[in-house]
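K.L.:
Here you go, sequence then predicted model.
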Amino acid sequence: MMRERMKTHQALYPPWCKKDSPATLAKERDGWRCIDCGRGQRTTYRNADDQLSMVFLHAAHIHPLDPDYEQVEPIEGQRLRARCASCHRRYDSYWKERQAEVEHQITMHHRLLSRFLIWRFLSSA
C-alpha cells in the first residue's frame, strides 16, 4: 500500500509550485517544451560530456528589447516563455549585452544633451 503525501502547510510552498502559477501556465501554453530547442519537460538527453541529463523547464521572462515582447500575452502581468536551462542562459546573456549597450547609449545621450544645454545657457547670457 502506497502512502499518499499530504501538503499540510500549503502556505509554506512557494507560488511557483502551485498549479495555477504564472510559470506553470506559461509552460502549459508552450506545450511543456522549450520554445528554442524543442526539448520536453523531464526528457533525457546526452550533454557535451556524454552524460545523461534531464530537462527541467524554466519560465523565462521576455526581455523588453526582444521583438517578440509584444506578441507574448502576459500572465498575471508577467511575459514568460518556457525554456530549458541552457536556452534560458543563452537568451539572458544575449539580451544582457544588448541592454548594456542601450544603457551606454542613453548615458551618452544624457551627457551630450546636458553639455548642449549648458553651452546654450552660457552663450545666451
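P.N.:
All right, it came through fine.
K.L.:
Tell me the gap between the lengthiest helix in the chain and the middle of its chain.
P.N.:
Longest helix of the chain, by residue count under DSSP state H: helix 85-124. The chain centre lies 21 Å from the centre of helix 85-124; the measure is CA atoms, centre = their mean, to the nearest Å.
K.L.:
same thing with stretch 78-92?
P.N.:
Per CA atoms, centre = their mean, the displacement of stretch 78-92 from the mean C-alpha position of its chain is 5 Å.
K.L.:
now what about that stretch, what contacts it?
P.N.:
Residues outside stretch 78-92 that contact it (CB atoms under 8 Å, 6 or more residues apart in numbering) are 22-23, 26-27, 29-37, 39, 55-63, 69, 72-73. (Glycine included, C-beta is placed from N, CA and C.)
K.L.:
And these, which of them are buried?
P.N.:
The neighbour count (16 or more other CB atoms under 10 Å) marks 22-23, 26-27, 30, 32-36, 39, 55, 57-63, 72 as buried among these.
K.L.:
Out of the residues you listed, name the ones that lie in helices.
P.N.:
Within the buried ones among the contacts of stretch 78-92, membership in helices is found for Pro22, Ala23, Ala26, Lys27, as judged by DSSP H.
K.L.:
Much appreciated, bye for now.
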